[in-house]
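Enquirer: Sequence first, predicted coordinates after that:
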Amino acid sequence: MEWKKLIKLLYPPVWIIALLSAICTVALVYTFIGGYEAHPVAYFTYVLSFYTLTTVVMRCIKVIPKHYRTAKEKVYSNPVGEKFMTDMKFRTHVSLYGSLAVNLLYVVFNVVSGFLYHTAWFFVLAFYYTILAIMRFLLLRFVNRVGIGENRFKELRRSRLCGYILLTVNLALSGAVLMILYQNKGYEYHGILIYVMAAYTFYITTLAIINLIKYRKLGSPVMSMAKIINMAAALVSMLSLETAMFSQFGKDMSDENKQIFIMLTGAGVSIVIVTMSVYSIVKNSKEIKKIMENNTNGE
């Protein structure tokens, strides 16, 4: 009987969960913004938030699988939806449109912010997003004009070109790291937003790693390069998250230790990006050379 009562507490009505979620959100924002993290009332807020989160998770475990199956059936019943879910080439094509649009928005936002706030920080970020946008535009243009898997030689050349361009990301990355170290620039996320951004960053990084491995097995240079670019962007996001974490939670850490961590992370991200770029360039160049030799011998 006691267990049934306890379980019942974990499944309150939806309106109670919604009300508790709203109350906890407001309370947590007020606690963090006001600097009341150690106040006795704050501990009650933490406990209530934990209970609310538990009820949300339990409700999701119960409800999501059913809705997921229903949504999946609806997606697969639509020809476009089925193609997106089953055709990796089509999915890559669509994702290139989306990522290019987001990159262009970031470029515009940072350029405008640079002029408004008269700081080079936003221009460095605009340069970084411009590089990503150029690579994604080149891949998208190739997919629209030639298509994935239609011309191996041209696909290798386009992938190699993007590999060369990817190397220039380190210029923007170096500029950003130097400004973080010596001008105290970086990202700041206040309150609960820092946790949201942390979860999102780890999600896109995990997804980038999975897709990098999955799409590499398909043997398409263009599709692999698209995922390499996603991986590079995710790694830079990890560096950005680190600066935000230091800003939010690193007040007791010395500036020297912060600089060491940022330098090590920046160097690690740079090494991984260079390694991916060089590997792609060398691999594509070898296959291009082999195709050219075969064509010459065939003549």
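Expert: Cool, the structure landed. Numbers count the residues shown, from 1 in each chain.
Enquirer: Can you name every helix or strand that the helix or strand hosting residue 260 contacts?
Expert: Per DSSP states H and E, residue 260 falls inside helix 255-298. Contacts defined by 3 or more Cβ pairs under 8 Å, 6 or more residues apart in numbering; DSSP states H and E place helix 255-298 against helix 152-167, helix 169-182, helix 221-249. The C-beta positions use only the backbone N, C-alpha and C, and glycine is treated the same way.
Enquirer: pLDDT of it, averaged?
Expert: Helix 255-298 shows a mean pLDDT of 88.
Enquirer: hmm, back to that, as CSV, the helices and strands packed on helix 255-298 with distance to residue 90 and mean neighbour count would be great.
Expert: Formatted as CSV, those follow (distance: least, Cβ to Cβ, whole Å; neighbours: other Cβ atoms under 10 Å):
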stretch, distance to residue 90, mean neighbour count
helix 152-167, 16, 19
helix 169-182, 27, 18
helix 221-249, 11, 21
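Enquirer: And the ones you listed, which one averages the lowest pLDDT?
Expert: Mean pLDDT is lowest for helix 169-182 among the helices and strands packed on helix 255-298, at a mean of 84.
Enquirer: Now do that one against helix 255-298: the angle between them, please.
Expert: 180 degrees (axes from the mean of the first three to the mean of the last three Cα atoms, to 10 degrees).
Enquirer: can you list contacts of the helix or strand just after helix 169-182?
Expert: Tracing the chain past helix 169-182, the next element assigned as helix or strand by DSSP H and E is helix 193-216. With Cβ atoms under 8 Å, 6 or more residues apart in numbering as the test, helix 193-216 has contacts from 88, 92, 189, 223-224, 226-228, 230-231, 233-235, 237-238, 240-241, 244-245, 248.
Enquirer: circling back to that earlier point, tell me which of the helices and strands packed on helix 255-298 lies nearest to residue 126.
Expert: Closest approach to residue 126 among the helices and strands packed on helix 255-298 is made by helix 169-182 (9.0 Å; Cβ to Cβ).
Enquirer: Nice, that's everything, thank you.
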